[in-house]
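Peer 1: this is a predicted model, with the sequence first.
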2 protein chains.
Amino acid sequence: MIEIYLLEQLEAFARCGTLSGAADELHLSQPALTRSMKKLEELIGVPLFERQKNKLVLNENGKLTAEYARRVLEQDREIIGRVRAFDRQNHTISIGGCAPVPLGQLVPQVTALYEDMTVSQEVHPDAPLLDGLQDGTFQLVILHEEPADKALYWVPYGEEKLYIVLPKDHPLADREGIWLKELESMNILLFSQIGFWYELCVDKIPNPHFLLQNDFEAFGELIKASNLPVFTSSYYLRDPNIPNDGNRVVIPILDQEADVRYYLACRFDDKKRFGTLFKRIS
Amino acid sequence: MIEIYLLEQLEAFARCGTLSGAADELHLSQPALTRSMKKLEELIGVPLFERQKNKLVLNENGKLTAEYARRVLEQDREIIGRVRAFDRQNHTISIGGCAPVPLGQLVPQVTALYEDMTVSQEVHPDAPLLDGLQDGTFQLVILHEEPADKALYWVPYGEEKLYIVLPKDHPLADREGIWLKELESMNILLFSQIGFWYELCVDKIPNPHFLLQNDFEAFGELIKASNLPVFTSSYYLRDPNIPNDGNRVVIPILDQEADVRYYLACRFDDKKRFGTLFKRIS
DNA sequence: TCGGATTACGTGCACCGTAATGATC
DNA sequence: GATCATTACGGTGCACGTAATCCGA
C-alpha cells in the first residue's frame, strides 16, 4: 500500500514544481523528498518523472498519480472532520423555535433532562424549522402552527398572546382591544429578537415605524425613559419583575394571529429518545 | 494526517470483530493493534470504541470511521493499478483487424517502426473494432468496409479475394467461377481463425458443413491427406510455400463480398502519431 | 556562484514483537 | 485453561537530517 505521507509529498511536489520548494513547504529536507519520490516510483513500478540533469519533472504517469493522490488525500483529510462532526452531533441537541419565549422555557428543561448533552438553540420561521427537522439540523422544534407532516410527532406547548402597551394619553388608550391595522404609521418600540412576531407585525401593520432595539437591557431602559408604545405578551405580563409604572395601559391585540398556540415537534424516529421530555411537558 | 496503515488495521478489526483476529490476518501482534487503535482515537479526537473489560467493540463513531477507511483504502489501492495500466497503455499499440491476413502483414511493420512499443493484435468484426477505436481499446484497426466516421483517418490497405480449392474429380471442378450458394451442404475444410470470412461463409452458404480446424499445422496436413474442398485466398496463392499438388483446382468465388478491400484506420487525433506508418504504406 | 537534485552516512523515533498481567468465559 | 485486551520493555527498520558532490543557469 502507498502510505499517505508519500502521496502528500508527491502532491506538494506537483504543486511546487521543484523538490526544494516542496521540501520547504513540508518542512522537510530535499534528500527526504528525493528518496520518497524514488520509493513511490519503485512502489508503483513505472517511471513517474523525467529526470533531467538538474531538474525533476512529472511525466504523464506522474501527473496522473498526483491527480489520484489529491483525491485520496482529500478523502483522508475529510475523515477527521466528518467523524468529529458526527460525534458532536450525537452529543448536542439542536432546538429551533419560531419565537424566543417558548424556546427560553424549553432549553432549561432539556438541559436538565439530558445532562451529558450540549443544547443549542436557534430562532427561525416555521418552514426552515420543519426542513431542519428533516435534514438533521434540529432534533426539536417549536412551531406556532400544527405540523401536518405525518413523519413528525408533536404535543401542544403553551400559548402566547400579544398586547400593546400605550401611554395613558394616547388616543387609543381607552380601547378594550386594538387591531394591528389600527397601528398604522405609529412609532413603536420593538425588541428585534422576537421571531415570527416580527413578520406578523410587518404583515399586519400598514406603513410600520418600528424603533428596533437589539439589546434587551437597553430596550428596557428605553421603555422606562420614554412613553412610546411597545408590544408585550401574556408571558411578560405574568412576570412580576416588569412593573407597570402606571403611566401606560395594556391593551390586547384583537387579530386572530396574535393569539398563538405553540407546538413542540420532533421526528417520529426520535419520539422514544425524547419520551421523558414529552412526559414532563404534558 | 491519518496514515494508510492505521486505516488498514481499523478496517481489518471492523471485519474481524476482535483485535486478535485482525492481528492474525495482518500478520501483526495484538499489542500492535491495541496501540494503533489508541493512536487512531487520539488522532481523530473522539472515542471510536466501547471498551468492555475483555472486549473491544466499535461504537457509532468507529463504524463511521471504518466506513470512510474502506473508501480511502480502495482509492489508495486503485492508484497502483490505474497508473500501471495507463503506463502500459502508453507503451503498447493495440491493433484490431477483421481478418488475420492483413493483420499479419501490418504487425511486423508496426513493430519495426515503433521499437520501444509492445504491439498486440486481436481479430474482431468491424463494429467492435470501431467501438474499440473510440474507447481506446485499439489504436489501429483494419476494416473491410470504408469507415464513414469523420473522426477517423484511414487509408486503403490492400485487397484479398476468396477462392475455393476443389478436387479435380469434383462436379464443379471445371467451372470458371462458383457462387457461395452453390456450395450448399458441401463438406469444406475450414481454418477457424479467419475473422469476418467465417461470418461471410456462414451467411452465404446454405446448410454449411464446415470441418473446423484450430491448428494451422494440422489444417495443412488435413489438406494434403484428404481431397476435401478448402477455401484459400489471393494471399495464399501468391505464397510459393503452399504448392499445388496437381490434384486440386483453384476456382474463384464470384460473390461480390468475396472480393475485399481492406482499410487501415486510426482516430484523427492519432494521425500524426502514426504518420510515418501511413507514409510507408502508401 | 547560486539553486536544484542526488548520494553517502549517521541517527532517532515510531512501530513492532515478546513477555507479563488482568479479565472474562 | 482458553481467549482476548492491555501494559511494560526492548529492538529495529526506516524515514529523516546533515554534509558532500554534481550539474546547469
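Peer 2: That came in fine, so what should we check first? Computed from a predicted model, the values in this text were never measured in an experiment.
Peer 1: and A:Gly62, what does it touch?
Peer 2: A:Leu10, A:Ala14, A:Leu48, A:Phe49 (CB atoms under 8 Å, 6 or more residues apart in numbering or on different chains). Heads up, the C-betas are built off the backbone N, CA and C, glycines and all.
Peer 1: one more pass at 7 Å, please.
Peer 2: A:Leu48, A:Phe49 (CB atoms under 7 Å, 6 or more residues apart in numbering or on different chains).
Peer 1: pLDDT score for the residue lying farthest from the centre of chain A?
Peer 2: No residue in chain A sits farther from the centre than A:Lys53, which is 57.3 Å out by CA atoms, centre = their mean. Looking at A:Lys53, its pLDDT stands at 85.
Peer 1: now it: how far from A:Asn61?
Peer 2: Distance of A:Lys53 to A:Asn61, given as CB to CB, to the nearest Å: 21 Å.
Peer 1: now swap in A:Leu43 and tell me
Peer 2: Where A:Asn61 is concerned, A:Leu43 sits at a distance of 13 Å (CB to CB).
Peer 1: for the helix ranked longest in chain A, what is the average pLDDT?
Peer 2: When chain A is parsed with DSSP state H, its longest helix is helix A:60-90. Averaging pLDDT along helix A:60-90 yields 96.
Peer 1: one more: stretch A:93-101?
Peer 2: On average, stretch A:93-101 scores 96.
Peer 1: same question for stretch A:115-127.
Peer 2: The model assigns stretch A:115-127 a mean pLDDT of 95.
Peer 1: so is that stretch next to chain B?
Peer 2: No: Stretch A:115-127 does not reach chain B (CB under 7 Å from any CB of the partner chain); its nearest approach is 12.9 Å.
Peer 1: start and end of that stretch, how far apart?
Peer 2: 29 Å (CA to CA, to the nearest Å).
Peer 1: would you mark the buried spots in that stretch?
Peer 2: Residues A:Val119, A:Gln121, A:Val123, A:His124, A:Asp126 are the ones in stretch A:115-127 that count as buried (16 or more other CB atoms under 10 Å in any protein chain shown).
Peer 1: run a quick check on A:Leu228 versus A:Leu189, I expect a contact.
Peer 2: Yes: using CB atoms under 7 Å, A:Leu228 is in contact with A:Leu189, at 4.7 Å.
Peer 1: overlap in contacts of those two?
Peer 2: Counting by CB under 7 Å, 6+ apart, the residues touching both A:Leu228 and A:Leu189 are A:Leu211.
Peer 1: what about A:Arg203, which SS state?
Peer 2: Check again: residue A:203 is Asp, not Arg. Here A:Asp203 takes the helix state, with states given by DSSP: H, G, I helix; E, B strand; the rest coil.
Peer 1: ranges for the helices of the stretch 51-200 of chain A?
Peer 2: A:60-90, A:100-113, A:126-135, A:196-204 (DSSP state H, counting those that start in this stretch).
Peer 1: how many other residues sit next to A:Arg71?
Peer 2: 15 (other CB atoms under 10 Å in any protein chain shown).
Peer 1: need the pLDDT of A:Asn244.
Peer 2: Per the predicted model, pLDDT is 61 at A:Asn244.
Peer 1: on that earlier part again, so for A:Leu43 and A:Asn61, which sits in the more crowded spot?
Peer 2: Higher neighbour count among A:Leu43 and A:Asn61: A:Asn61, with 19 against 14, using other CB under 10 Å.
Peer 1: DNA strand C contacts on the stretch 51-200 of chain A?
Peer 2: A:Arg51, A:Asn54, A:Lys55, A:Leu56 (CB under 7 Å from any atom of the strand).
Peer 1: out of those, who's near DNA strand D?
Peer 2: Okay, of these touching DNA strand D (CB under 7 Å from any atom of the strand), that's A:Asn54.
Peer 1: so what touches the one helix or strand in chain A whose mean pLDDT sits lowest?
Peer 2: Using mean pLDDT, DSSP states H and E, helix A:234-238 stands out as the lowest-scoring helix or strand of chain A, at a mean of 85. Contacts of helix A:234-238 with the rest of the structure, by CB under 7 Å, 6+ apart, involve A:Val101, A:Glu160, A:Lys161, A:Tyr163, A:Ile242, A:Val250.
Peer 1: tell me the average confidence for the longest strand belonging to chain A?
Peer 2: Longest strand in chain A by number of residues, with DSSP state E as the criterion: strand A:152-167. What strand A:152-167 shows for mean pLDDT is 95.
Peer 1: before we move on, what about stretch A:10-22?
Peer 2: 95.
Peer 1: which positions within it qualify as buried?
Peer 2: Here stretch A:10-22 shows A:Leu10, A:Glu11, A:Ala12, A:Phe13, A:Ala14, A:Cys16, A:Leu19, A:Ala22 as buried, counting by 16+ other CB under 10 Å.
Peer 1: what of stretch A:144-164?
Peer 2: A:His144, A:Pro147, A:Leu152, A:Tyr153, A:Trp154, A:Tyr157, A:Gly158, A:Glu160, A:Leu162, A:Tyr163, A:Ile164.
Peer 1: how about TSV for these, with distance to A:Leu264 added?
Peer 2: Formatted as TSV, the buried residues of stretch A:144-164 follow (distance: CB to CB, whole Å):
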residue	distance to A:Leu264
A:His144	11
A:Pro147	10
A:Leu152	10
A:Tyr153	9
A:Trp154	6
A:Tyr157	4
A:Gly158	9
A:Glu160	14
A:Leu162	20
A:Tyr163	24
A:Ile164	28
